[in-house]
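*Asks:* Compute the structure for the input listed below.
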Amino acid sequence: MITRRKPWLAVLALLMLASLMLSACGGKEEELTPDPSIKIVVNGKEWSNTGAALNADGKLMVPSDFLKKAVEEGEDPPAEHVEGTVYYSNQVAVLMYHDLTEGETTKAALSVDAFAEQMELLKTNGFHVISMKEYSDFILKQQPVPDNAVLITFDDGYESFYKLAYPVLKEHGYPATNFVIVRFIDEQIGVPKMTWDQMREMQKDGMTFYTHTYDSHLYVEVDKKGNTKPALTAQKYLPDEDRKETKEEAKQRITADLAKAEERLTAELGNTDRIIAFPYGAFNDTVMEVLKSLDIHISFTVKKGINSSAEANGFRVNGADVKENPQIVINHLKTISAASYGDAQGNSSSKLVSLRAYCDKNGISLAWDAAKRQAVLSFSKSA
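*Replies:* As a prediction, the model looks like this:
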């Protein structure tokens, strides 16, 4: 009888071990807000703004990318900016924002104070803000850009761009682009949007405005079960006919939408260039064929990375992540590379892991001082 039970005990032990491992790894990853007050000292080198956070159980969690960089590869912490430092050349980092607020920050709206601080840090850290025209010439004509070049973009056409972002940008002499949902401008739908008159006023100070589609910034049903996909990449379900659009029908719908957006932008703002930011970053081969047919030669996703002159479908960095303070955003730009980021929807490849578990596994001494918000890691490099 005892002999028969041993395999079950072994299986049970394995299941318990697997459960503990999943728990240690977080299982379903907990949404944590990075705590910039936490500092991590690795063999005497102090790192700040690492993305570390305390979880609900009080465990110190850190990004795996940080551990790879600071512990496994032995990199030094980012130094204070030195005049003339080149973080990247012949490339452009594109910052992405949406809404700004003077009130309480939300997932949809970044504090205007945080935005203003980021804009100041761009200047004091040696970044050079370029216009969309300079970016277009870089992509389409292989024209040079300055070292540490940054393009500033906003999506959706919120009125806060005019009321809050524009004064900050104007103060610094920075150009910026807003990708507007054109129907929402024409009909002033939802949260207050800019007006055409406001956009014309801002054009005089280097602001430019391009398409975020006419009316395709939404999810549409793709079957009778109610499953949805982004409108630009979907074959819509047609309930009256109990079928999905054909690929050709979807292509015609998308073409009509994007063409109407360009017509309105040309009529109101005199646009001659055609540039688009994809809602939700969603695109496919059909969408790219439509762009080509409409002479839209530059597009943007929400995938994180940096752009060479070959990246006509560009990467962007989310500057409006309210979980990250302004200095963290600037540090992203200092260390940015396309390979260090995640999938086409911008999901980061770096996972939060328990620092205690990591150190125990790798034979690293860890001392955590909760009062000082400081973790000290010590280990032999030859080990």
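*Asks:* switch to C-alpha atoms for all contacts and neighbour counts from now on
*Replies:* Noted.
*Asks:* for the stretch 251-383 of the chain, what spans make up the strands?
*Replies:* Counting by DSSP state E, counting those that start in this stretch, the segments of the stretch 251-383 of the chain that form strands are 275-277, 298-300, 313-314, 317-318, 352-354, 365-369, 374-378.
*Asks:* typed the wrong thing, it's the stretch 101-250 of the chain
*Replies:* Using DSSP E, counting those that start in this stretch, the strands found in the stretch 101-250 of the chain span residues 109-111, 128-130, 149-156, 177-180, 208-211, 219-221, 228-230, 237-238, 243-244.
*Asks:* Sheet partners, orientation included, of the second one?
*Replies:* When you say that, I think you mean strand 128-130. Looking at strand 128-130 with DSSP bridges, its partner strands are strand 149-156 (parallel).
*Asks:* ok now the strand it pairs with, how far from the chain's centre?
*Replies:* Remark: strand 149-156 is offset 11 Å from the chain centroid, using Cα atoms, centre = their mean, to the nearest Å.
*Asks:* What is the subsequent helix or strand relative to that strand?
*Replies:* Toward the C-terminus, strand 149-156 is succeeded by helix 160 as the next helix or strand (DSSP states H and E).
*Asks:* Tell me the helices and strands packed up against that following helix.
*Replies:* In terms of contact count using 3 or more Cα pairs under 8 Å, 6 or more residues apart in numbering; DSSP states H and E, helix 160 is assigned the packing partners strand 99-101.
*Asks:* now the strand it packs on: mean pLDDT?
*Replies:* Per-residue pLDDT values over strand 99-101 give a mean of 95.
*Asks:* can you check stretch 222-233 too?
*Replies:* The pLDDT scores in stretch 222-233 average 96.
*Asks:* first vs last residue of it, how far apart are they?
*Replies:* 10 Å (Cα to Cα, to the nearest Å).
*Asks:* Check which residues of it are buried.
*Replies:* Of all the residues in stretch 222-233, those buried under the rule 16 or more other Cα atoms under 10 Å are Val222, Asp223, Thr228, Lys229, Pro230, Ala231, Leu232, Thr233.
*Asks:* biggest separation within those residues, which pair?
*Replies:* Maximum pairwise distance among the buried residues of stretch 222-233 (Cα to Cα): 15.8 Å, between Asp223 and Leu232.
*Asks:* low pLDDT regions in the chain?
*Replies:* Filtered on pLDDT under 70, the chain yields the residue ranges 1-31, 78-82, 322-324, 337-350, 381-383.
*Asks:* quick one: the most centrally placed residue in the chain and Lys304, what's the gap?
*Replies:* Residue closest to the mean C-alpha point of the chain, counted by Cα atoms, centre = their mean, is Asn318 at 3.1 Å. From Asn318 over to Lys304 the distance is 8 Å, taken as Cα to Cα.
*Asks:* Name the nearest residue to Thr195, ignoring sequence neighbours.
*Replies:* Sequence neighbours aside, Ile185 is the residue nearest to Thr195 in space, at 6.2 Å (criterion: Cα to Cα, 6 or more residues apart in numbering).
*Asks:* any idea how far the one you found lies from Ser380?
*Replies:* To Ser380, Ile185 is 61 Å away according to Cα to Cα.
*Asks:* Among the two, which residue is more densely surrounded?
*Replies:* Ile185 (20 against 9; other Cα atoms under 10 Å).
*Asks:* contacting residues around Arg183?
*Replies:* Taking Cα atoms under 8 Å, 6 or more residues apart in numbering, we find Arg183 in contact with Ile189, Tyr214, Asp215, Ala261.
*Asks:* Going by neighbour count, which of the residues you listed comes out on top?
*Replies:* Of the contacts of Arg183, with other Cα under 10 Å as the count, Tyr214 tops at 24 neighbours.
*Asks:* In contact with it, which residues are there?
*Replies:* Residues in contact with Tyr214, defined by Cα under 8 Å, 6+ apart, are Ile181, Val182, Arg183, Phe184, Asp257, Leu258, Lys260, Ala261.
*Asks:* So which of these are in helices?
*Replies:* Secondary structure defined by DSSP state H assigns Val182, Arg183, Phe184, Asp257, Leu258, Lys260, Ala261 of the contacts of Tyr214 to helices.
*Asks:* which one among those gets closest to Leu32?
*Replies:* Of all the ones in helices among the contacts of Tyr214, Leu32 sits closest to Phe184, with 33.5 Å by Cα to Cα.
*Asks:* My guess is the closest one contacts Met194. True?
*Replies:* No: with contacts defined as Cα atoms under 8 Å, Phe184 does not count as touching Met194, sitting 9.2 Å away.
*Asks:* how many other residues sit next to the residue nearest to Tyr87 when sequence neighbours are not counted?
*Replies:* Here the nearest residue to Tyr87 in space, its sequence neighbours aside, is Lys334; by Cα to Cα, 6+ apart that works out to 5.5 Å. Taking other Cα under 10 Å as the neighbour definition, Lys334 ends up with a count of 20.
*Asks:* Give me the distance between Lys334 and Tyr88.
*Replies:* Plainly put, Lys334 is 8 Å away from Tyr88 if you go by Cα to Cα.
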